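Student: Below is the structure, and that's it, no one-letter string:
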């Protein structure tokens, strides 16, 4: 639902230790976290996503890059080279060679890297034929413009890119800024912004908004029944949303959704809601196979901004959006008239052209170029994964264990079961699951098994028999899932001084309406701010013990003190408690056991990997880092204490 998808958080408040199947194995601590989550993570969209070759690009082959730069009028930029060591890492004395790392990079990323190399040849050749040149001054101005869009100085922007994206200044200028400027010049006529487009974008960003509640159901008959009740008793909208709406995020907060803007989501919803008076119920709208009823909770006035001060920023945003579409069209045109041979994916052609991975209008791209480019872009990431794999293999050998095909199949079947992928006979369809992962993550079957399934199966082997579900775990899990929850509103502040100021205001007038006004004005957390402090009901043992302890001591209408959680300061206003589920614990004991065991085994697997890593000697010559085994104190009871602190199931 376009206007409701970010209206609230999961009412179950699952902790970060819930589980599912991994899709890939990223580097460092991220790799470890994936083993805990074991869920299909979305591929991160890189800077300049309109262009495949600029996504995650970390450089290019020196000779081909300089030739391309010269032909396109780009001045030669400093080359970012990787060390030429034959040994890229030593893991407990066992080496990972440069050749092995390049092969791993090509296996994991060769297809995408090759596509980017082909695209780069296409665009540089097209620029050369059109006489288009990009100067150093234009590149510098574009870097400054991008930094300004994020309200950063040039150095801060470049430092952020290198720290968070792993893209150095030269790489950024050559591999992202230059292609962007080239495309703008090639498609200048298609990037003009009309007055109508400008007005629409201005209204979208700064115009009036409507605060609203939503109920979505799948039955037209139920929608008619609810509509009749709501027309007669509009004040029942929150309760009926909780009881009937299938949009879980908004239902958990009484149907509240993010304020609706113009020109953002479904035009029928926007047209309807902007025609409602405050408190009025909409007609029944059919949207994406669902039947939707809305209630207006009032208007948020348009922001008072001087149009001439923001117009250039809006124009640039529109042009960037158009550029993505134009880039796709341009590449299709260039590809349609170019002669491209993909040797890399053609085993027969590879035999006739050894050492070549593609040709573009007769120009060859060699396997060596592809390897160097893959290493340059993805070397550090892939090397971390290779180090992790080697550490696990070493640990398995020490324990006299091996991962068999049956272990891999069991892990994938378990992942498919957790994800609900079933065939027509309601049994796990392993092939369907692997196809689903491959399609979503754009990886091959072999890559999924190697980067995700094998590490998970290995760690499960190493932790087997070391996890137990206690009676206390089951009792806590039952209370978390089926017990009463505290309904409250919350204001999240960023410092104690402001929290004290807001708390004093709330204390003087502890009404729900005034508290909502304060949340809307002061809360720094976007959801609670836009929903006037409404948050999903707080459950027992949901992973926030400090907040839960305070919330469960409050009576309806009572204001909490200031609760500090990390660097945030939270104020609660209690609105009562939900009713307990009328369920006997014995009826759900098996479900609770499986859920708790799953969480505890994943926690144990994560701790095992951390321990393996901490006790390893790893010299990473590519990243220029070295790690010696961590010396722990003689207090061997720490693992026991950590096991005892595992939270039970925290959601149905």
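Tutor: Received, thanks. Everything numeric in this text was worked out from a predicted model, so none of it was measured.

Student: Packing partners of the helix or strand where residue 299 lies?
Tutor: Residue 299 is part of strand 290-300, with elements assigned from DSSP states H and E. The contact analysis (3 or more Cβ pairs under 8 Å, 6 or more residues apart in numbering; DSSP states H and E) places strand 290-300 against strand 209-217, helix 220-232, helix 267-273, strand 285-287. (C-beta placed from N, C-alpha, C; glycine too.)

Student: what comes up buried for the longest one?
Tutor: Just to be clear, that refers to helix 220-232. 223, 226-227, 230 (16 or more other Cβ atoms under 10 Å).

Student: what's the answer for stretch 434-450, then?
Tutor: Within stretch 434-450, judged by 16+ other Cβ under 10 Å, the buried ones are 434, 437-438, 441, 443, 447-450.

Student: repeat for stretch 323-339
Tutor: Residues of stretch 323-339 classed as buried by neighbour count (16+ other Cβ under 10 Å): 323, 326-327, 330-331, 334.

Student: what's the answer for stretch 556-574, then?
Tutor: Buried positions in stretch 556-574, judged by neighbour count with 16+ other Cβ under 10 Å: 559-560, 562-563, 569-574.

Student: Would you format the buried residues of helix 220-232 as a markdown table with pLDDT included?
Tutor: Formatted as a markdown table, those follow (pLDDT from 0 to 100):
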| residue | pLDDT |
| --- | --- |
| 223 | 95 |
| 226 | 96 |
| 227 | 96 |
| 230 | 95 |
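
Student: hmm, back to that, now, the buried residues of stretch 323-339 that are in helices?
Tutor: 323, 326-327, 330-331, 334 (DSSP state H).

Student: Same list, those residues, but as CSV with distance to residue 613 please.
Tutor: Rendered in CSV, the data for those read as follows (distance: Cβ to Cβ, whole Å):
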residue, distance to residue 613
323, 43
326, 46
327, 41
330, 46
331, 42
334, 46
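
Student: just to revisit the earlier point, residue 102: which of the buried residues of stretch 323-339 is nearest?
Tutor: Of all the buried residues of stretch 323-339, residue 102 sits closest to residue 331, with 27.4 Å by Cβ to Cβ.

Student: contacting residues around that closest one?
Tutor: Shown in contact with residue 331 (Cβ atoms under 8 Å, 6 or more residues apart in numbering): 119, 122-123.

Student: re the thing from before, quick one: which of the ones in helices among the buried residues of stretch 323-339 is nearest residue 88?
Tutor: Distance ranking of those against residue 88, using Cβ to Cβ, places residue 331 first at 33.9 Å.

Student: and residue 623, which of the three is it?
Tutor: Judged by DSSP: H, G, I helix; E, B strand; the rest coil, the three-state class of residue 623 is coil.

Student: picking up where we left off before, I'd like the buried residues of helix 220-232 laid out as a markdown table, including distance to residue 549.
Tutor: As requested, the buried residues of helix 220-232 are exported to a markdown table (distance: Cβ to Cβ, whole Å):
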| residue | distance to residue 549 |
| --- | --- |
| 223 | 41 |
| 226 | 37 |
| 227 | 42 |
| 230 | 37 |
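
Student: and which of those is nearest residue 468?
Tutor: Using Cβ to Cβ, residue 226 is the member of the buried residues of helix 220-232 that lies nearest residue 468, at 46.8 Å.

Student: could you list every residue that touches the closest one?
Tutor: Residue 226 is in contact with 215, 217, 240, 244, 293, counting by Cβ under 8 Å, 6+ apart.

Student: ok, the nearest residue to residue 94 once chain neighbours are set aside - contacts?
Tutor: Nearest non-adjacent residue to residue 94, counting by Cβ to Cβ, 6 or more residues apart in numbering: residue 390, 6.4 Å away. Listed by Cβ under 8 Å, 6+ apart, the contact partners of residue 390 are 91, 94, 96.

Student: hmm, back to that, by neighbours, which of the contacts of residue 331 wins?
Tutor: residue 123 (24 neighbours; other Cβ atoms under 10 Å).

Student: re the thing from before, so which of the buried residues of stretch 434-450 belong to helices?
Tutor: Using DSSP H, the buried residues of stretch 434-450 in helices are 434, 437-438, 441, 447-448.
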